[in-house]
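Asks: Following is a predicted model, sequence given first.
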Amino acid sequence: MSKGNKLVRLGIFSAIVGGVYAFSNYIYKITSVPHQYGDERDFSPVITDGRKYIRNHPDRQDMYIDSLDELKLHASYIPAADSHNYAIVIHGIWDDHESVGYYAKHYIEKGYNVLLPDLRGFGTSEGQYIGYGFDDRLDIMSWIYWIIKRDPEAKILLHGMSMGAATTLLTTGEHLPENVKGAISDSSYSTLREQFTATYKSFKGSFVPTPIALFISRIIIYLKSGFDINQVNCLEAVSRSVTPTLFMHGDNDTFIDPHMCSRLYEAAACPKQYCIILGAGHIEGAVLDPTNYWNKVDAFLNKIEF
């Protein structure tokens, strides 16, 4: 082989390696590096009002715990008088605990103690990567035990939206204390791999074939974040769950396929209920049709004796 041919091949190899490196960094940046909520406009004024409601609530307290991997995690806590009922309300990706203030208000008005965690990497919780519910499930368990330590008679409900819903379901797949009485999943994905596939295919100009892009994503996230995206599997979690669960989704969701909700419901081994909000997009059910949404939630709570 001539020296010129060797140089050409070396140049091609270097270009391929450089391209893969650049693409993997791009993939990691858009999928796994948290950014804080700023002045982005909420999809509804109701959500914005909920942020203000939590931020300005006279009884709001800042609480902190250490995660198993020694991150300082933050939550806002709003106590109720003489109640052993607790709602842990869990936000979605690219946001913080204030985004679920609208949902928290419902439970506060029902006399619940409400805990609103900032998932790792968001709000004022420490963390350098997005956990997609995998590490977050262990954080939520830590918050559950934080509540039980304060109130051994606590009856705890988990209510999560989007990635918070996936976190909720992954948490129910663990061995939980009997204090956890129910869970509400609003717009969860079934598996992270499936969600990554659907999201990547929606990108304009996605020139790398999907199987290759997923392989690169899996490797770079494992190397930098320490978990395998194939392990983030809500279908497996609900198949192990014994926690009564209400599965909710909007039938007009173009971000997370509503069929994922029906598959989760079918896979669940726990006592379960199912609710599709007609005409609602991603996590829009409670805003678009609040009467139907909250009637379904309250009926579920009554059934599990909250």
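Replies: That came in fine, so what should we check first?
Asks: from here on, contacts and neighbour counts on C-alpha atoms
Replies: OK.
Asks: how close does Gly38 get to Asp96?
Replies: Look at Gly38 and Asp96: by Cα to Cα, to the nearest Å, they are 10 Å apart.
Asks: what does Lys296 give?
Replies: Computed with Cα to Cα, the distance linking Lys296 and Asp96 is 25 Å.
Asks: and the two? which has more neighbours close in?
Replies: Counted by other Cα atoms under 10 Å, Lys296 and Asp96 do not tie: Asp96 has more neighbours, with 24 against 17.
Asks: so that one touches Asp118, yeah?
Replies: Yes - under the criterion of Cα atoms under 8 Å, Asp96 makes contact with Asp118 at 5.5 Å.
Asks: May I see the buried residues of stretch 67-86?
Replies: Residues of stretch 67-86 classed as buried: 67, 71, 73-80, 84-86 (neighbour count, 16 or more other Cα atoms under 10 Å).
Asks: How far does that stretch sit from its chain's centre?
Replies: 17 Å (Cα atoms, centre = their mean, to the nearest Å).
Asks: ok, now stretch 261-281?
Replies: With Cα atoms, centre = their mean as the basis, stretch 261-281 stands 16 Å off its chain's centre.
Asks: Now it: buried residues?
Replies: Under 16+ other Cα under 10 Å, the buried positions of stretch 261-281 are 261-262, 264-265, 267-270, 272, 274-277, 280-281.
Asks: Can you show me the CA trace of it as PDB?
Replies: Output of stretch 261-281 as PDB, limited to C-alpha atoms (Å, rounded to 0.1, in the frame of the first residue of the first chain):
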ATOM      1  CA  CYS A 261     -50.400   4.600  28.500                       C
ATOM      2  CA  SER A 262     -52.600   1.700  27.400                       C
ATOM      3  CA  ARG A 263     -49.600  -0.600  27.300                       C
ATOM      4  CA  LEU A 264     -48.500   0.400  30.800                       C
ATOM      5  CA  TYR A 265     -52.100  -0.200  32.100                       C
ATOM      6  CA  GLU A 266     -52.200  -3.600  30.500                       C
ATOM      7  CA  ALA A 267     -48.800  -4.500  31.900                       C
ATOM      8  CA  ALA A 268     -49.600  -3.400  35.400                       C
ATOM      9  CA  ALA A 269     -50.000  -6.100  38.100                       C
ATOM     10  CA  CYS A 270     -51.300  -3.700  40.700                       C
ATOM     11  CA  PRO A 271     -54.900  -2.500  41.300                       C
ATOM     12  CA  LYS A 272     -55.300   0.000  38.500                       C
ATOM     13  CA  GLN A 273     -57.500   2.500  36.700                       C
ATOM     14  CA  TYR A 274     -57.200   4.100  33.300                       C
ATOM     15  CA  CYS A 275     -58.300   7.600  32.000                       C
ATOM     16  CA  ILE A 276     -57.800   9.200  28.600                       C
ATOM     17  CA  ILE A 277     -58.600  12.900  28.400                       C
ATOM     18  CA  LEU A 278     -60.000  13.600  25.000                       C
ATOM     19  CA  GLY A 279     -58.400  16.400  23.000                       C
ATOM     20  CA  ALA A 280     -55.600  16.900  25.500                       C
ATOM     21  CA  GLY A 281     -52.000  17.300  24.400                       C
END
